[in-house]
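Asker: coords please:
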Amino acid sequence: MRTIRRSYFVMFLAVPILLLVALIWIMGSRQTPLLPLLAADSELPEKAISLFVPIHSDARLPDGNEDFVRQAIEEKFDLQVKLISAPQGPAYAAELEAMLLANNPPDLWIEQSEDLGATLALYGVLGDLGPYVSPATMPNYFKYWVTERELKQYRIHNRFYRAPLPYDKNSYRSYYIRQDWLDALGLNLPSNYEEYVAVLHAFTYDDPDGNGLHDTYGFSVSGNSSSLTTDWPEYGRNGLVYPAYMSQNKLVDMESDLRMQVVVEDILAVIKAGVVDPDWFLNSERSHLAKAAQGKVGVVFGQTADFALDANPDSLQSLSRIYNPQANWVPFNPLGKEPLGTIPSPGSPFVLSKKVVDKHPEKAKLIIAMLDWLASEEGFLLTHYGVEGKHYTRSGNTITLLADDRGRGTPEELEWLSTWSFFTPEAPMALGLKVIDPRLTERDKDIREFLAQLPTKPKLGVTLSPPIGIDVNAFRSRQNELLIKLLFSDKSGARWPEYYADLMDNYYGKEIIANFEQQVREAAS
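Answerer: Have a look, this model is predicted:
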C-alpha cells in the first residue's frame, strides 16, 4: 500500500487526547526537561527572542557573563536572547515537535526534517520570509554566502517560508588510514580498490600493531542498528556518488539506484572475508571512531576539514595519540581519482514561526537583522574565533589565532562558540579572510592540501526536497529495511531489482525521484 504523510497538526485537531498522551511521552523520553519551556509565557515580550538550534551532544554554553556573543547581540540589537538547543538528530526533532504541539514555537529554528519544512509551511506553521529576506535587509548574507538564485529554489507555492543557511562550498569527504600500520607492514598507501582490499586483509590478519594478538580489523562504520550507511567505499566503486548527481539528464539517487545490487555484493565480499569490524551494524553514532582511536580499526571515513588534524584536540588523530603516540591517520582515496561526493549545495534552511511574523513583525525584523550580523565579518569572527586582541590578532585580512589552543587558554575554554556559530560554517575564505592557526602542524597542512584537491562531481545546484504530501521517510525506511534484508537475510544482492520495484511502485519512489529531477532541471534553467 502506498504511504502518505499524515500531519500531526491534523491529528491534533482530530484526536487531542492522543496527542496529549504523545506529548507527555515525548517529554518523558527527552534528554532535557521540557516543563520549564511549556510553563513559559506563550507571548514573549517584544524585545525577547527565542532561537532553537542543533548542537553537538557535548556542547554547552557558559554561565553568567562569560557568553560574550550573547552580550554583543543583546547590546547591539537591544534584545533579550533565549537560545534553546538540542543534540542534532532525533532529540532535536522530538524537542521541536513538542514545542509545536504545545503551540509554543521558537521564534526562529533550523529546519532539519526530510522535507525541509514543506509540510509545516503547508499547515500554516511557518511565517512568510518574503518581506524580510532580501539583499536590502540582509546585505552580508547575500554578499558572502547565498545567492538570490539559491534562495528562489527554497520557494514553496511561490512563497518564501524558508531560506538556506550559509554553507561551505568545499567538500571534505575522504577515507583515512593508519599510515603507521602501513609502515609497520611495509605496505604502500592503496591507490585503487583492489589495493585497498588487500590492505584490509593485512590490517586484519598480519598484526599491524605488533601486539601478537588477533584484535584488529581493516574497516569499520556505524550502522546505528538501522541502515547500511553511505560511508562504504563500495558505493563509489560502483559509480554511486554522495548524495546524488545528474547523469544523462537523469538523477542518480545514491541509495536507491539499481546498482545497489552490486554494492551489496561487494560489501558482503569484504564482510565474508572477515576484514570488517563484525559489530559495524550495531555501532551507534561514532562508536566506530572510538574503536579506531583505540587502535582496533585501520580505515574509517571522515567528512570534516579537521577530522584528523593535530590542531583539533577532538580529532581522530588527537584521540588516537592518547592510546598510541605513534598513531598517524592520513587521508586517501581508495578509488584512485574517482570522486567521493558532489560539490555541496545549500542545505538546511532557517525559518520563522508564523506566530512571530504575524503578531510581532518588528521582532521578526530584529531577528533578521541579527542573522545578517552573524553573517557579517564582525559576527563571523566573534562566533568562530572570539574577541580580537584576546583570542586573535588581525593584520589586514589575515587573522592569527593566539596561543596553542586558538587563544582559548585551555582546549575547552571557547568550545561553546560552536553553538553560536550555528548560522555560518567554518569557511573564512568566503569573507576573504585568511586564518593562521599556530597549532597547525606540517602534517595538518599536508592533509588540508590533499583534501583541497579531491575530485568531486558537479553540484546539483539545489537542495532536494520531496513532493508535498508524500512521506519520504517511509520511502527511506523501507529502502533501509530492504537493504538490510539483502545483507543479513538474503546474504545476496540478487533480489534488489524486485525490492527496487517495491520501492518505486508502493512507496512513491518514482514520484520522489521525478520530483528531485524536476528541481535540478529548474535550478539549472
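Asker: From here on, just use CA atoms for contacts and neighbour counts.
Answerer: Will do.
Asker: doesn't Tyr235 fall inside a strand?
Answerer: No. Counting by DSSP: H, G, I helix; E, B strand; the rest coil, Tyr235 is not found in a strand; it is helix.
Asker: Start at 35, not 1
Answerer: Okay, residue one is now 35; in that scheme the one you just asked about reads as Tyr269.
Asker: For the closest residue to it other than its chain neighbours, which residues are in contact?
Answerer: Counting by CA to CA, 6 or more residues apart in numbering, Tyr269 lies nearest to Val297, which is 5.8 Å off, once chain neighbours are set aside. By CA atoms under 8 Å, 6 or more residues apart in numbering, Val297 lies in contact with Glu268, Tyr269, Asn272, Gly527.
Asker: how close does the nearest residue to the first one once chain neighbours are set aside sit to Val334?
Answerer: Right, Glu268. Computed as CA to CA, 6+ apart, the closest residue to Glu268 that is not its neighbour in sequence is Val297, at 5.6 Å. Distance, Val297 to Val334, using CA to CA, to the nearest Å: 18 Å.
Asker: same question, Asn258
Answerer: From Asn258 to Val334 the distance is 16 Å (CA to CA).
Asker: Between the two, which is the more surrounded one?
Answerer: Under the criterion of other CA atoms under 10 Å, the comparison of Asn258 against Val334 puts Val334 first, with 22 against 16.
Asker: Wasn't that one part of a strand?
Answerer: Yes. Val334: assigned to a strand according to three-state DSSP.
Asker: was I right about it contacting Ile211?
Answerer: Yes. Counting by CA atoms under 8 Å, Ile211 is a contact partner of Val334 at 6.8 Å.
Asker: Can you name the residues that contact the residue located most distally from the centre of the chain?
Answerer: Distance from the C-alpha centroid of the chain, by CA atoms, centre = their mean, peaks at Gly246 (39.1 Å). Under the criterion of CA under 8 Å, 6+ apart, Gly246 has no neighbours.
Asker: any idea how far Leu221 is from it?
Answerer: Distance from Gly246 to Leu221, by CA to CA: 19 Å.
Asker: Likewise for Phe522?
Answerer: For Phe522, the distance to Leu221 (CA to CA) stands at 33 Å.
Asker: Between the two, which is the more surrounded one?
Answerer: Counting neighbours by other CA under 10 Å for Phe522 and for Leu221 shows that Leu221 has the greater number, 15 against 10.
Asker: Could you measure from the more buried one over to Ser354?
Answerer: With CA to CA as the criterion, Leu221 and Ser354 are 21 Å apart.
Asker: ok, back up a step: can you point out the buried residues in the one helix or strand the residue nearest to Glu268 maps to?
Answerer: Secondary structure assigned from DSSP states H and E places Val297 in helix 294-306. Neighbour-count burial for helix 294-306, counted by 16 or more other CA atoms under 10 Å, picks out Met294, Gln295, Val296, Val297, Val298, Glu299, Asp300, Ile301, Leu302, Val304, Ile305.
Asker: Please apply the same query to stretch 117-127.
Answerer: Going by neighbour count (16+ other CA under 10 Å), the buried part of stretch 117-127 is Leu117, Ser119, Ala120, Pro121, Ala125, Tyr126, Ala127.
Asker: Please report phi then psi for Asp162.
Answerer: Torsion angles at Asp162 (phi, psi; degrees, to the nearest 10) stand at phi -80, psi 120.
Asker: which residues of this protein fall in strands?
Answerer: 82-89, 114-121, 142-144, 197-198, 208-212, 251-253, 278-281, 284-287, 331-336, 363-366, 383-386, 426-429, 432-435, 468-470 (DSSP state E).
Asker: which outside residues touch the first one?
Answerer: The one in question is strand 82-89. Against strand 82-89 from outside (CA under 8 Å, 6+ apart): 113-122, 126, 140-144, 397, 401, 452-453, 456.
Asker: Let me see the mean pLDDT of it.
Answerer: Predicted confidence along strand 82-89 averages 94 (mean pLDDT).
Asker: and if you look at the shortest one?
Answerer: What strand 197-198 shows for mean pLDDT is 95.
Asker: which outside residues touch that strand?
Answerer: The contact list for strand 197-198 (CA under 8 Å, 6+ apart) reads Leu163, Val167, Val180, Glu184, Leu185, Tyr188, Pro380, Gly381, Ser382, Pro383, Phe384, Val385.
Asker: and the fourth one, how far is that from Ala155?
Answerer: Computed as CA to CA, the Glu184 to Ala155 distance reads 19 Å.
Asker: For the two, work out which one has more neighbours and name it.
Answerer: Taking neighbours as other CA under 10 Å, Glu184 and Ala155 compare with Ala155 leading, 22 against 17.
Asker: ok, longest helix in the chain?
Answerer: If you go by DSSP state H, the chain has its longest helix at helix 543-558.
Asker: which parts of that helix are buried?
Answerer: Gly543, Ile546, Ile547, Asn549, Phe550, Glu551, Gln553, Val554, Arg555, Ala557.
Asker: From the contact counts, what lies against it?
Answerer: strand 284-287 (3 or more CA pairs under 8 Å, 6 or more residues apart in numbering; DSSP states H and E).
Asker: Could you rerun that using 7 Å?
Answerer: Using 3 or more CA pairs under 7 Å, 6 or more residues apart in numbering; DSSP states H and E as the contact test, no helix or strand touches helix 543-558.
Asker: which residues sit against it?
Answerer: Helix 543-558 has contacts (CA atoms under 7 Å, 6 or more residues apart in numbering) with 187, 284-285, 494-496, 498-501, 509, 537-538.
Asker: Those, buried ones only, as a ChimeraX selection?
Answerer: To isolate the buried ones among those in ChimeraX, judged by 16+ other CA under 10 Å, type:
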select :187,285,494,495,496,498,499,500,501,509,537,538
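Asker: export the contacts of helix 543-558 to TSV and tack on distance to Trp363 and pLDDT?
Answerer: Converted to TSV, the contacts of helix 543-558 look like this (distance: CA to CA, whole Å; pLDDT from 0 to 100):
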residue	distance to Trp363	pLDDT
Gln187	39	82
Lys284	37	92
Leu285	35	93
Leu494	31	82
Gly495	33	74
Val496	34	76
Leu498	34	81
Ser499	36	77
Pro500	38	77
Pro501	42	80
Phe509	37	94
Leu537	39	97
Met538	41	96
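Asker: between the contacts of helix 543-558, which is closest to Tyr276?
Answerer: Lowest distance from Tyr276 to the contacts of helix 543-558 (CA to CA) belongs to Leu494, with 11.1 Å.
Asker: most neighbours, which of the contacts of Val297?
Answerer: Highest count within the contacts of Val297 by other CA under 10 Å belongs to Tyr269, 23 neighbours.
Asker: Report the separation between it and Val298.
Answerer: Look at Tyr269 and Val298: by CA to CA, they are 9 Å apart.
Asker: Arg529 too?
Answerer: Counting by CA to CA, the gap from Arg529 to Val298 is 11 Å.
Asker: Done for today, thanks.
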